[in-house]
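> Sequence and predicted structure below; questions after.
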Amino acid sequence: MTGVVVVLIVVAAWGGIVGLMLLGWRGRGRRQEQLLGAFPEVPAALGARRLGPHSGLYVGSTIAPSWQDRVAVGDYGDRATAEISRFDTGILIERNGANPIWIPDDQITAIRTERGLAGKVMTADGVLVIRWLLPSGTEIDSGVRADDKSIYPHWVKPLEQDGKKS
């Protein structure tokens with residue numbers, strides 16, 4: 001009988017902890033909604049494809065410059081398998097089971113590699129990170145861990161011949 005009581009207490013405590021975590025995540029999302037505003041919609045005309053599509057894992061987006069302040073608005077904080085492509089007009093991250101992320105070219109402030117993002121840490125230069133401005137003016141970092149890391153130099157190097165920033 002005592003064993004059953006202990007198990008019930010442990011299960012109730014575990015359920016309470018999970019419930020508090022969900023409550024905190026939802027609270028973070030509500031606080032971030034005004035700061036972040038709306039994310040850009042994918043335009044009908046993307047222009048010519050410059051890079052990709054490259055498959056990988058979308059690890060999340062964070063409010064810059066913190067690599068751990070994960071965006072909790074909508075499904076933008078959810079990890080998902082994804083394909084990333086660069087077009088004349090911007091970068092498209094197409095996520096499986098989640099909304100696509102469109103990053104307009106004129107809002108990109110930097111493209112670099114990092115060791116980690118959104119609480120996910122891996123080997124040096126393991127994540128391709130795009131720093132960009134939302135229409136609200138908030139700067140965020142969005143990261144993709146590509147299946148093939150050899151593509152990173154093509155994303156990071158400046159596209160000087162096209163007059164585009166990288």
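Looks like it came in fine. Residues are numbered from 1 along each chain as shown.

> Quick check: L22 is in a helix.
Yes. Assessed by DSSP: H, G, I helix; E, B strand; the rest coil, L22 belongs to a helix.

> Next one: it relative to V7, how far apart?
Distance, L22 to V7, using CB to CB, to the nearest Å: 23 Å. (C-beta placed from N, C-alpha, C; glycine too.)

> Please tell me the pLDDT value assigned to T81.
At T81, the pLDDT value in this model is 95.

> Counting neighbours, what do you get for it?
14 (other CB atoms under 10 Å).

> Show me what it is bridged to.
Judged by DSSP bridges, the bridge partners of T81 are L57.

> So it is in contact with E94, correct?
No. With contact defined as CB atoms under 8 Å, T81 and E94 do not form a contacting pair (9.7 Å).

> What are the buried residues along stretch 89-103?
By neighbour count on 16 or more other CB atoms under 10 Å, the buried set for stretch 89-103 is 89-95, 98-99, 101-103.

> I misspoke; the intended subject was stretch 56-72.
Applying 16+ other CB under 10 Å to stretch 56-72 flags 56-64, 67, 69-72 as buried.

> what mean pLDDT does that stretch have?
The average of the pLDDT scores along stretch 56-72 is 84.

> ok, and what's touching stretch 132-140?
With contact meaning CB atoms under 8 Å, 6 or more residues apart in numbering, stretch 132-140 is reached by 35-40, 61-65, 71, 103-104, 107-109, 131, 142.

> What about those, which are in strands?
Judged by DSSP state E, these include 61-63, 103-104, 108-109, 131, 142 as members of strands.

> ok, so of the residues you listed, who is nearest A44?
Nearest to A44 among the ones in strands among the contacts of stretch 132-140, counting by CB to CB, is P104 at 13.7 Å.

> For M1, the count of nearby residues, please.
M1 has 5 neighbours, counted by other CB under 10 Å.

> which residue ranges form the helices in the chain?
Applying DSSP state H to the chain gives helices spanning 2-36, 152-156.
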